[in-house]
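[1] Quick check, what structure comes out for this input:
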Amino acid sequence: MHIHTGIVPLAPAPDTGPNCMRCGKPSDEFVTETSNRNNNEGRPYFKCVPCNKFLVFNDTRGNDPDNPACSCGVSSKRQAAGHYRQVPRGVHYVCRLGRCNFYVPQMGNTGRQVSLEDVEEELLQLLVRFCVI
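    Okay, here's the model as predicted:
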């Protein structure tokens, strides 16, 4: 896999939901509930209902022209995994438009994936508020 390292123009939010990468059916848009424990409350996202697969958040949070380009050639989106993943709250990049399976973990100086679990809660809330993550 080739990862583009130069600045890539930010892709706009999708006008319509992407088709599911598993079944090819159109996705539907939802909004995360206020009870979301991953600091994603109120965020719009696309999901394939038949596959019950999350595809992509439909907002600008995590968009940065310095993010690597995904396999589609558009800017990627930086986001964090949930608490119960292999690397809890691991920071990674995905396709901004939810069209491909692009996934690249953000690696730290130690050679391990960066995890928000290593960040103090107060700082994490500040980063979320400023749409850094």
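[2] Lys77: what secondary structure?
    strand (DSSP: H, G, I helix; E, B strand; the rest coil).
[3] so it makes contact with Val94?
    Yes. With contact defined as Cβ atoms under 8 Å, Lys77 and Val94 form a contacting pair (5.5 Å). Using the backbone N, CA and C atoms, a C-beta is placed for each residue, glycine as well.
[4] Would you map the helices across this protein?
    If you assign secondary structure with DSSP state H, the helices in the chain sit at 121-129.
[5] looking at the sheet around the most centrally placed residue in the chain, what are its partners?
    In the chain, the residue lying closest to the centroid (Cα atoms, centre = their mean) is Gln79, at 3.8 Å. Each beta-bridge partner of Gln79 is listed here, defined by DSSP bridges: His92.
[6] looking at it, it is touching Asn63, isn't it?
    No. Under the criterion of Cβ under 8 Å, Gln79 makes no contact with Asn63, lying 10.2 Å away.
[7] Would you mind measuring from Asp59 to Ala13?
    Separation of Asp59 from Ala13 (Cβ to Cβ, to the nearest Å) stands at 7 Å.
[8] again with Arg22
    Using Cβ to Cβ, we find Arg22 at a distance of 22 Å from Ala13.
[9] can you check Asp28 too?
    With distances defined as Cβ to Cβ, the gap from Asp28 to Ala13 amounts to 15 Å.
[10] one step back: tell me, what's touching Lys77 and Val94 both at once?
    Taking Cβ atoms under 8 Å, 6 or more residues apart in numbering as the contact rule, the neighbours common to Lys77 and Val94 are Val56.
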